[in-house]
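[1] I'll drop the sequence and a predicted model, then ask my questions.
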Amino acid sequence: RDFRVAGIFLGLGLLLDTIPFLQITLGPLVTVLGILFLVQTFRLRFVCDSSAFSLQDSSSQESGENIIVGGENRWAYDAFVNFDFFPKGWIDQPQGPILVYFKETQTSSDKWNDGPGAKANSEEALAEGAVPGQVHFFPAICDSKQLQAEWQRRGCNKL
């Protein structure tokens, strides 16, 4: 578990909550995101076993259903076609990245263009070297360096 993203958003939100006008617009939004990230950091576990990466509820230790595209929140390593951490280069910085991204081909291809997948699988993106697949983003509420090392050790593809 890594509480840096929650801490950054909570700290920034509390700071914005003291600035006139921002305290009724941007401040509460950033604070609520910080609270959400804090709750999710306690609630979720990122598990790398011998054959797959899964997102599990820490109370039940089950991966559950993906709320966006359906199916289990478990993806075989050999289905990964790309992964990264955003902003780029922040994985080696003290604050760490904000987002983790991966793209996989295990999800049914009729779901690949849902959400951000439409742009990631566009003709333009594919012409620039992207590989088709289902896009996943999640806040970096885990040890991102450890996750990167696990994905590399298990042979996950990276463009």
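    Cool, the structure landed.
[2] From now on I want contacts and neighbour counts done on CA atoms only, so please keep to that.
    Will do.
[3] Assign a three-state SS to the residue located most distally from the centre of the chain, would you?
    What lies farthest from the middle of the chain is Pro20; by Cα atoms, centre = their mean that is 32.4 Å. Three-state call for Pro20 (DSSP: H, G, I helix; E, B strand; the rest coil): coil.
[4] For it, report the pLDDT, please.
    In this model, Pro20 is scored at 93, pLDDT.
[5] Next one: it relative to Gly13, how far apart?
    Distance, Pro20 to Gly13, by Cα to Cα, to the nearest Å: 13 Å.
[6] Same question for Glu123.
    Using Cα to Cα, Glu123 is found at 39 Å from Gly13.
[7] The two: which has the busier surroundings?
    The neighbour count for Glu123 versus Gly13, taken as other Cα atoms under 10 Å, is higher for Gly13 (23 against 12).
[8] So what does the more buried one have for phi and psi?
    Gly13 adopts backbone torsions of phi -60, psi -50, taken as degrees, to the nearest 10.
[9] residues contacting it?
    When contacts are counted by Cα atoms under 8 Å, 6 or more residues apart in numbering, Gly13 touches 26-32, 34.
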